[in-house]
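> Sharing a sequence plus its predicted fold:
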Amino acid sequence: MTHPPRRCLAAAAKAAFPPTIPILAGFIFLGITCGIYAGSLGLPWWVPPLMAICIFAGSAEFVVASMLVAPFNPVQTFITVFVINARHLFYGISMLDRFRRLGRKRAYLIFGMCDETFSINYATEAPKGIDRGWFMFFVSLFNQLYWICGCTLGAICGTLLAVHIEGVSFAMTALFVVIFLDQWLKDSVHAGARAGILASVGALVIFGPDGFIIPAMALILIALTLARTPVERALAASDGRDGDDA
């Protein structure tokens with residue numbers, strides 16, 4: 001396998017940096033929150049950076065941090081994290097053609113594909129004269145580096161400098177609330193959101209606060225599977241009305 005010249009790699013890195021600038025600000029501050037949150041749970045300072053390197057799954061790292069200080073339950077941890085990141089299965093299917101014939105770069109591109117990286121690599125074409133594979137590689141690498149830096153800064157502030165912020169344990173809850181509200185405002189049909197709320201409340205009542213997460217996720221998955229066709233029809237009808245209004 002021939003190695004590309006350094007100037008080609010530098011050109012790809014230079015082209016990949018500008019699209020990731022908006023991600024830089026978000027990942028740094030959210031990573032700081034993750035690091036401080038992990039420190040507030042009593043985890044060592046090196047745990048958040050290690051999770052950022054080995055897991056790199058954003059919201060799932062908040063969940064993993066809380067589970068690291070809970071009673072050992074690897075099955076529940078695996079299922080919870082898998083369900084949280086199950087959307088990446090669809091990301092992967094969408095990127096099959098783009099990742100073909102990329103050699104050893106493909107392994108890292110698969111590992112490093114978060115929501116923001118997927119958005120850039122799927123929607124942005126490499127500039128003329130820039131290798132597409134290396135362009136996507138550096139987009140993925142830059143975004144992960146931003147997250148690692150944010151988690152490291154937060155971990156240092158939360159543990160080595162003994163910074164304690166009252167209520168920081170609510171950060172994970174606030175994160176998911178914001179994601180939910182953002183999706184609610186974007187979607188014209190709220191059947192999925194309502195199913196999620198009802199399934200979560202029902203599982204909470206039946207299984208209690210310590211065991212409702214996995215049953216709730218299973219109920220949500222079943223509800224969305226059964227309601228897929230009606231929801232798609234409603235979305236198509238809503239899009240048609242929006243087009244007529246325009």
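Thanks, I have it. Numbering: from 1, shown residues only.

> now what about stretch 198-217, what contacts it?
Here stretch 198-217 makes contact (C-beta atoms under 8 Å, 6 or more residues apart in numbering) with Q76, I79, T80, V83, L219, I220, A223. Bear in mind the C-beta positions are built from the backbone N, C-alpha and C, glycine included.

> Could you tell me the average pLDDT over that stretch, please?
The predicted model gives stretch 198-217 an average pLDDT of 82.

> re the thing from before, list only those of the contacts of stretch 198-217 flagged as buried.
Using 16 or more other C-beta atoms under 10 Å as the burial test, the contacts of stretch 198-217 include T80, V83, L219, I220, A223 as buried.

> Could you list which of these belong to helices?
Counting by DSSP state H, the buried ones among the contacts of stretch 198-217 place T80, V83, L219, I220, A223 in helices.

> and of those, the nearest to C157?
Ranked by distance to C157 (C-beta to C-beta), these are led by T80 at 27.1 Å.

> my read: the closest one touches V63, true?
Yes - at 6.0 Å, T80 counts as touching V63 under the criterion of C-beta atoms under 8 Å.

> For the ones in helices among the buried ones among the contacts of stretch 198-217, could you give me JSON lines that also reports distance to L160?
Below are these laid out as JSON lines (distance: C-beta to C-beta, whole Å):
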{"residue": "T80", "distance to L160": "29"}
{"residue": "V83", "distance to L160": "34"}
{"residue": "L219", "distance to L160": "42"}
{"residue": "I220", "distance to L160": "39"}
{"residue": "A223", "distance to L160": "45"}
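
> Any idea how many residues pack against F29?
The number of residues packed near F29 is 13, by other C-beta atoms under 10 Å.

> show me the contacts for it.
F29 touches G150, counting by C-beta under 8 Å, 6+ apart.

> same check, this time on the one 10 residues further on
Residues near G39 by C-beta under 8 Å, 6+ apart: W45, P48, G154, A155, C157, G158, T159, V163.

> mind checking how far it is from L226?
42 Å (C-beta to C-beta, to the nearest Å).

> what's the closest of the buried ones among the contacts of stretch 198-217 to T20?
The closest of the buried ones among the contacts of stretch 198-217, once distances to T20 are taken by C-beta to C-beta, is V83, at 27.7 Å.

> shouldn't that closest one be in contact with L221?
Yes - the pair V83 and L221 passes the contact test of C-beta under 8 Å, sitting 7.5 Å apart.
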